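A.B. asks: Got a sequence here, can you build the structure:
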Amino acid sequence: MTEGASPYISSPRVTVLGVQSGDPPFRIVEVDGEVVGTARSMTDVILIAAEAGVHIHDLDDLETVRWVGGGKFTWQLHHL
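C.D. replies: Prediction:
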């Protein structure tokens with residue numbers, strides 16, 4: 001192991017799960033592994049995280065937010 005390297009790799013505090021069917025579709029938001037709300041837009045993700053004590057300054061910051069099942073622009077289910 002190199003000097004100063006940590007064996008622990010931190011994970012983002014906020015996880016936005018894949019799109020769920022609903023009217024309108026939504027995504028579940030987790031903070032520190034706990035479900036804290038459902039989002040229907042990027043703005044919802046920012047507000048829900050802030051309520052949980054996490055302030056998101058950049059939705060593309062991989063150290064803060066992890067997007068599962070599509071990125072920040074994915075808010076609809078895609079059927080093949």
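A.B. asks: show me where the protein has strands.
C.D. replies: 14-20, 26-31, 34-39, 65-67 (DSSP state E).
A.B. asks: Using CSV, lay out these together with mean neighbour count, mean pLDDT and distance to Ala50.
C.D. replies: Placement of C-beta: from N, CA and C, glycine included. Formatted as CSV, the entries for these read as follows, by neighbours: other CB atoms under 10 Å; pLDDT from 0 to 100; distance: least, CB to CB, whole Å:
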stretch, mean neighbour count, mean pLDDT, distance to Ala50
strand 14-20, 19, 98, 10
strand 26-31, 20, 98, 10
strand 34-39, 15, 98, 10
strand 65-67, 19, 98, 13
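A.B. asks: Gly53: which of those strands is closest?
C.D. replies: strand 26-31 (7.6 Å; CB to CB).
A.B. asks: Okay, now the sheet partners of the closest one, with direction.
C.D. replies: Strand 26-31 sits in its sheet next to strand 14-20 (antiparallel), strand 34-39 (antiparallel), going by DSSP bridges.
A.B. asks: Which of those sits closest to Thr74?
C.D. replies: When the strands paired with strand 26-31 are compared (using CB to CB), the closest one is strand 14-20, at 6.2 Å.
A.B. asks: who's in contact with that closest one?
C.D. replies: Strand 14-20 has contacts (CB atoms under 8 Å, 6 or more residues apart in numbering) with 25-31, 33, 38-39, 45, 49, 54, 56, 64-70, 72, 74-77.
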